[in-house]
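Asks: Just need the structure, nothing else, for what follows:
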Amino acid sequence: MNKVVLTFDLDWCSDEVLAYLLEKLISDKIPATFFITHQTILLNKIRDYDFFELGIHPNFMKGSTHGKSFEEVIDYCLSIVPEAISNRSHGLKISSNKLIHMMKNSIKIDCSLFMPNVESLQNFNFEINNKKILRVPYNWEDDYEFYQKQKKYKFENIANWNDKILDFHPIHVYLNSNSEELYNQYKLNKNVDKNKGIGTETMLDEVIQEYTKGNIEIMNLKTYVGII
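Replies: Numbering: from 1, shown residues only. Predicted coordinates for the structure are as follows:
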């Protein structure tokens, strides 16, 4: 069956925004992986459902509130979700030393490689010192589409891809974003009206509709790679 992997980078979203997303997913029992950036009481709500997965979304950029060194950053995120086995680094900042520290701390999957519009993806193992981490690329991201001439916010745009590993941000689902301008307006004034046209939420809703019709199978990341 046609498989879709749903992943979400929390990116410090508010509880209001995250709750909006969770209600949408829980109502139809939609599997998903959440890459966390911060502590929130809603993490326990996510833990209540076995079709959800919690991973880490460490921020290695200068001035990060996660820590000063890459070890501190990773350890901080794991202190919030010690059960995590999946990672996607914020801004996709990754390197061998970071992967090695993750491997030492039970992270088994890294999803920090973005390959937009590549229809067939290949996973591979990064191995060193008798340890390994599975690197899983992904090929669609909501805010990447902001800058494309032909934006892919309809499921039909990706339906024929052999692999579909999608990256959403809760705030862009909440706003149905299809441009950087709307997001920037939200940061200045949280009372902005959401986009009523085609956007990020359109894609998510159409994926969910295909799932409820029985046309596709949705998985979280660890189930997709065979780590149950």
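
Asks: Just list what the longest strand anywhere in the chain packs against, helices and strands only.
Replies: Counting by DSSP state E, the longest strand found in the chain is strand 2-9. Applying 3 or more CB pairs under 8 Å, 6 or more residues apart in numbering; DSSP states H and E, we find strand 2-9 packed against strand 32-36, strand 165-168, helix 200-212, strand 216-219, helix 221-224. C-betas here are computed from N, CA, C, even on glycine.

Asks: export those to TSV and tack on mean pLDDT?
Replies: Compiled in TSV, those are given as follows (pLDDT from 0 to 100):
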stretch	mean pLDDT
strand 32-36	98
strand 165-168	98
helix 200-212	98
strand 216-219	98
helix 221-224	97
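
Asks: out of these, which comes closest to M61?
Replies: Taking CB to CB, strand 32-36 is the member of the helices and strands packed on strand 2-9 nearest to M61, at 15.2 Å.

Asks: Just the CA atoms of the next helix or strand after the closest one, as CSV, please.
Replies: Downstream of strand 32-36, the first helix or strand assigned by DSSP states H and E is helix 42-47. Extracted in CSV, the C-alpha atoms of helix 42-47 (Å, rounded to 0.1, in the frame of the first residue of the first chain):
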residue,chain,number,x,y,z
LEU,A,42,1.0,18.3,26.0
LEU,A,43,3.9,15.8,25.7
ASN,A,44,2.1,13.6,28.1
LYS,A,45,-1.0,13.8,25.9
ILE,A,46,1.2,12.6,23.0
ARG,A,47,2.5,9.8,25.1
